[in-house]
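S.K.: What follows is a predicted structure for the sequence shown.
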Amino acid sequence: MMSSSPHTLLLAAPRGFCAGVDRAVLIVEKALEAYGAPVYVRHEIVHNTHVVNSLADRGAVFVEDETDAPEGSVIVFSAHGSPPEAFANAAARDQTLIDATCPLVTKVHNEARRYATAGKDIVLIGHEGHQEVLGTMGQAPRSISLVETPEDVDDLDDVDPEKVAYLTQTTLSMDDTAAVVDRLRERFPLLQQPKKGDICYATTNRQDAVKTLAPRCDLILVVGSETSSNSKRLVEVANDHDTPAHLVDDASHIDPSWLDGVGTVGLTSGASAPEVLVDEVIAWFRERGLGTVETVMVVDEDVHFAMPGNLARKLAEVDA
């Protein structure tokens, strides 16, 4: 065995596609099947380079804005969610709109509108510029302030302490978010929160799996793209638990020098990374003399989301 080859690979379970990502990718595939190419997609359908390139090869055309797609065209809105004006623009341009927003993101949108209607000042915990944050802030732009760190909370000047509520981006680090929430509660004792937390089940489960792997591993690899918030959070979680970690788009991004002196490697993938990329990483290690591959099951996921109604009806017509 090569000196730089680990002897054990621990696979995190769950890992990879969540129900929202699986649904969004399937929506684009089924839209191409039902309407034919091209089908336009507002922003990347999910934050993974390989997924986007694969769909582009099949006829999906990715645009940054709905106004970049022709009038009368078929357009899919990404899983991250979009602001209300994007829906209005699509209607004005007579576009056939298929909404692939993750239902768990839609939940946050509904909460934002409900809080705003009730006259609340909303603090959104999230990453500035992220597509999900842009979509959520668009639901009530005059009522929402964005924070990312506990220190940002100290700069909130236009918040009524008696009418403040918070929401979060769905793909954040649970531990980092808890620190921000703690600071919010210190400053605003009357702080209101959603009945159920906004960080999605898949983000939580994948971070818990990394926490379970970390004590058993010398190194953790996370398969995911640099644009993927939830994938980057998995690297941070590993590092926070004293285990070195790297984000790799695919097996070609692995640096063999990372493996010097490493006996056990943990392997996981972000919620937007397809399993085929994990398989390629496993094959990469096997080619270098890997001995044992073991799955570490933390929780068994069984979540599914239905297709949008208008796409389901179109598919039924095609099949009839």
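M.R.: All right, it came through fine.
S.K.: Please, where are all the strands along the stretch 151-300 of the chain?
M.R.: Ranges of strands within the stretch 151-300 of the chain are 164-168, 219-223, 245-248, 264-269, 292-297, based on DSSP state E, counting those that start in this stretch.
S.K.: Give the next helix or strand downstream of the longest helix along the chain.
M.R.: Determined from DSSP state H, the single longest helix within the chain is helix 19-35. Per DSSP states H and E, the first helix or strand lying C-terminal to helix 19-35 is strand 39-42.
S.K.: Direction included, what does that following strand pair against?
M.R.: Sheet pairing of strand 39-42 (DSSP bridges) gives strand 60-63 (parallel), strand 74-77 (parallel).
S.K.: Tell me which of those is the most buried.
M.R.: Neighbour counts (mean count of other CB atoms under 10 Å) averaged over each of these peak at strand 74-77, with a mean of 25. C-beta here means a position set from N, CA and C on the backbone, and glycine is covered the same way.
S.K.: pLDDT (mean, whole number) over that one?
M.R.: On average, the pLDDT along strand 74-77 is 98.
S.K.: ditto for stretch 248-261
M.R.: 96.
S.K.: got the contact list for it?
M.R.: Residues from elsewhere that reach stretch 248-261 (CB atoms under 8 Å, 6 or more residues apart in numbering): 3-6, 49-50, 218-219, 221-226, 244, 246, 265, 277, 280-281, 283-284.
S.K.: Out of those residues, list just those in helices.
M.R.: Per DSSP H, those map to helices at Thr49, His50, Leu277, Glu280, Val281, Ala283, Trp284.
S.K.: Closest one of those to His109?
M.R.: Checking the ones in helices among the contacts of stretch 248-261 against His109 with CB to CB, the nearest one is Thr49 at 26.6 Å.
S.K.: Quick one: neighbours of the closest one, just the number.
M.R.: 18 (other CB atoms under 10 Å).
S.K.: Check Ala112 too.
M.R.: 24.
S.K.: angle of the helix or strand hosting it against strand 164-168?
M.R.: Element membership for Ala112 (DSSP H and E) is helix 103-117. Orientation of helix 103-117 against strand 164-168 (axes from the mean of the first three to the mean of the last three CA atoms, to 10 degrees) gives an angle of 170 degrees.
S.K.: just checking, what packs against helix 103-117?
M.R.: helix 19-35, strand 121-125, helix 131-137, strand 164-168 (3 or more CB pairs under 8 Å, 6 or more residues apart in numbering; DSSP states H and E).
S.K.: Report the strands that pair with the second one, each with its relative direction.
M.R.: If I follow you right, that is strand 121-125. Next to strand 121-125 in the sheet, as set by DSSP bridges, lie strand 144-147 (parallel), strand 164-168 (parallel).
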